[in-house]
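Provided below are the primary sequence and the corresponding predicted coordinates.
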Amino acid sequence: MDLHEQCVNTIKGLAMDAIQAANSGHPGMPLGMASAATVLWREFLKHDPTDPAWANRDRFVLSPGHGSMLLYSLLHLSGYDLPLDEIRRFRQWGSATPGHPEYGHTPGVETTTGPLGQGFAMGVGMALAERYLRESFGPDLVDHNIYGIVSDGDLMEGVAAEAASLAGHLQLGKIVYLYDDNRITIDGSTDLTMTENVGARFEAYGWHVVHLDDGHDPVQVERAIEEARLETARPSLILCPTVIGQGSSKEGSEKTHGSPLGEDDVRATKQRIGLDPEKSFQVPDIVCEAFREHDGPAENAAWQARMSEHPLGPQLQSWLARDGAAAVAKVKWPTFEVGTKLATRKASQACLRAITSEVPWIVGGSADLTGSNGTNLGTAALSPTRFAGAPMIHFGIREHAMGSMANGIALHGGLRPFSATFLVFHDYQRPAVRLSALMRQPVIYIYTHDSVFLGEDGPTHQPVETLASMRTVPRMRTLRPADANETAAAWRFILGYTDGPVALVLTRQGLPIMEETRDAEIARGAYVLSDVDDPAVVLLASGSEVPTVLAAREELATAGIAARVVSVPCMELFLAQDEAYRKEVLLDGVPRVSVEAGLTFGWERLVGDQGLSIGIEDFGASAPASVLAEKMGLTPDAVAQRVEAFLS
């Protein structure tokens, strides 16, 4: 065997052994792409295993995350902190080698991939961030590629199509994706469902497409990657015809996709490719040396030296730090006149413009709803010919890809992204939002038109169930401010919060600006907005229902019922507070009533089993907001009557 073949077969052996030991996993893809991946990692990938977070490294995205043993083998052989014992513990409790790669869990893993298409789209976000930073600071400080392996399944998913379209439009020439064109999915041949010309499709998107005769041939792969690297005006897709499970008795079959080969086939395959069939987890020294003989550490050291000498080095370092606390102090926050009315989406726009005028590492945009979402920054918009100084991104009508690309931008580092759409379209983004939370990425999701009170567009656009579903996502923080003051307080919290994604949920309609919200305690999730001596009931609400509850309190007072009003801009933050604070706000032994223009699910955690939750348990209707409030029992009069009846 020549050295390349030894490297390839070592990867195959590690993948087969780990999957067989776990009796679980996907051997087909690692066996099929081992050769192409070896060429990429040995000859092209710029990285430093001793400093996995080096800012100017190339990024590698394994979009078909089920092929994780390919990545783990590459990381181990390249010298990352992933010892062979962790390979042996593949898919076991507490191991550094989970079934699908997880960002922050395994050194060298750039992103969590599992749902197909997400890695493809996140790589596009990384490439957008790379170009934005490169044009802002110059190629001496920022200049790297986004490499990836993508599969038939990735390219079937709509999110990849959305991202590919935008990548071609924006001319993101630093993308080089190897397409594992093995024509097999779980159910069998891709001919069952996919007979299109993939290369022609990507050419139509504006990509540079390279066709190989044999994706296992290292010479062809090397030439194709070099050609793709030289094509800097278009993203590149290299079609690598491969055989899934190559070398095994089941090669070319869907049977190698998602199940261990079996002990007999593992031994036979090893014998066929020149490995000792009686040995497991074989790693020859010569193979490790081959993977570790690269210029990454030296290039990292040279980059560090350039950073220390370059006049823009300190500024780039501050962007990479994304210091939210310092940003909050720099922003000239808008003030709002008490007694007037303003939609929280418009208050958010005033805050966002103030933020982006002082904080250059905040970038983002909307899915073709810039005016509606309040995300027109009053600046130049990013375009194929301009990135630097253009923080406003037009994502087009691509909510799926927008969320995934935002993850990629955040993962890349140096920028913090926001995206915006109507709240009802959160469902289009949910896979990306879930990955944001899983990876603890500080993506800002702006959602407007937050309830039935958007009015005449009707139930197709009225998100009655969405708030409740968003609050079930672990590590997610959903903020629904009650007026402009709470909106500004929410933005101050968001800038300083980096432990996961935040959703900012905003109204279409104007809301009265209240004196009581000037000192809103957003960080604690809920606070006493208006109090009385010896309250008979505690009224809780979020967003546009807070003014409704305040008005209902006045009507209750005329009936001799004293009510405390609690604003709950973020239920998750409040539930995370200590028990003493929660009791201080909610008052043990006092009946509680919640009011929100959506499903009541979840509010039982605050009002308790004996409390009352007023909301909407069905879809809305097409009508003016005032009519909807009356018909759905969400006027101050109706709320007061429900509370009075409940107490009696």
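Structure received. Residues are numbered from 1 along each chain as shown.

per-residue confidence for M1?
pLDDT, M1: 79.

P98 falls within a helix, correct?
No: under DSSP: H, G, I helix; E, B strand; the rest coil, P98 falls outside any helix and is assigned coil.

That one against S68, yeah?
Yes: P98 is within contact range of S68, at 7.4 Å (criterion: CB atoms under 8 Å). All C-beta spots, glycine's among them, are computed from the backbone N, C-alpha and C.

Settle it for me: which of these two has more neighbours?
For P98 versus S68, neighbours defined as other CB atoms under 10 Å are more numerous around S68 (29 against 20).

Give the burial count for the closest residue in space to that one that isn't next to it in sequence, as a bare number.
Computed as CB to CB, 6 or more residues apart in numbering, the closest residue to S68 that is not its neighbour in sequence is P101, at 5.1 Å. Using other CB under 10 Å, P101 is surrounded by 26 other residues.

wait, P101 sits on G108?
No: the criterion here is CB under 8 Å, and P101 misses it with G108 at 9.2 Å.

Which residues are in contact with each of those two?
Counting by CB atoms under 8 Å, 6 or more residues apart in numbering, the shared contacts of P101 and G108 are L71.

Can you give me every residue that contacts the residue nearest to S68?
P101 touches L62, G65, S68, L71, Y72, V109, T111, T112, T113, counting by CB under 8 Å, 6+ apart.

Could you list the domains of this structure?
As given by automatic domain parsing, the domain ranges for the chain are 3-298, 324-516, 525-647.

Of all those domains, which one is nearest E309?
Shortest distance between E309 and the domains of the chain, using CB to CB, is found for domain 3-298: 9.7 Å.

quick one: the closest one to chain centroid distance?
Put simply, domain 3-298 sits 21 Å off its chain's centre (CA atoms, centre = their mean, to the nearest Å).

What of stretch 486-505?
In terms of CA atoms, centre = their mean, the centre of stretch 486-505 is found 16 Å from the chain centre.

Show the average pLDDT along it.
Averaged across stretch 486-505, pLDDT comes to 98.

again, but for stretch 342-349
Mean pLDDT, stretch 342-349: 98.

That one: how far from the chain's middle?
On the basis of CA atoms, centre = their mean, stretch 342-349 is displaced by 25 Å from the centre of the chain it belongs to.

repeat for stretch 616-634
Offset of stretch 616-634 from its chain centre (CA atoms, centre = their mean): 33 Å.

Pull out the buried positions in it.
Buried residues in stretch 616-634, defined by neighbour count with 16 or more other CB atoms under 10 Å: I616, G620, A623, A625, L628, A629, M632, L634.

could I get the residues you listed as a markdown table with secondary structure and pLDDT?
Putting the buried residues of stretch 616-634 into a markdown table (DSSP: H, G, I helix; E, B strand; the rest coil; pLDDT from 0 to 100) gives the following:
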| residue | secondary structure | pLDDT |
| --- | --- | --- |
| I616 | coil | 97 |
| G620 | coil | 96 |
| A623 | coil | 98 |
| A625 | helix | 96 |
| L628 | helix | 97 |
| A629 | helix | 97 |
| M632 | coil | 97 |
| L634 | coil | 98 |
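
Looking at those residues, which is nearest T385?
A625 (42.4 Å).

Distance check, the closest one against L540.
Per CB to CB, to the nearest Å, A625 is found 22 Å from L540.

same thing with M1?
Counting by CB to CB - M1 and L540 are separated by 70 Å.

Looking at those two, which one has more neighbours?
With neighbours defined as other CB under 10 Å, M1 and L540 compare such that L540 has more, 28 against 11.

from memory L634 sits against A597, does it?
Yes: counting by CB under 8 Å, A597 is a contact partner of L634 at 5.8 Å.

Which residues are in contact with each of those two?
With CB under 8 Å, 6+ apart, L634 and A597 have common neighbours E545, I616.

Can I get stretch 209-223 in PDB? Just the C-alpha atoms.
C-alpha atoms of stretch 209-223 as PDB (Å, rounded to 0.1, in the frame of the first residue of the first chain):
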ATOM      1  CA  VAL A 209     -19.400  22.800 -10.400                       C
ATOM      2  CA  VAL A 210     -16.600  20.200 -10.900                       C
ATOM      3  CA  HIS A 211     -17.500  16.700 -12.100                       C
ATOM      4  CA  LEU A 212     -15.200  13.800 -11.200                       C
ATOM      5  CA  ASP A 213     -15.200  10.400 -12.800                       C
ATOM      6  CA  ASP A 214     -14.200   8.600  -9.600                       C
ATOM      7  CA  GLY A 215     -14.500  10.200  -6.100                       C
ATOM      8  CA  HIS A 216     -12.100   7.600  -4.700                       C
ATOM      9  CA  ASP A 217      -9.300   8.700  -7.000                       C
ATOM     10  CA  PRO A 218      -7.000  11.000  -4.900                       C
ATOM     11  CA  VAL A 219      -5.400  12.600  -8.000                       C
ATOM     12  CA  GLN A 220      -8.800  13.600  -9.300                       C
ATOM     13  CA  VAL A 221      -9.900  14.900  -5.900                       C
ATOM     14  CA  GLU A 222      -6.800  16.900  -5.400                       C
ATOM     15  CA  ARG A 223      -7.000  18.600  -8.800                       C
END
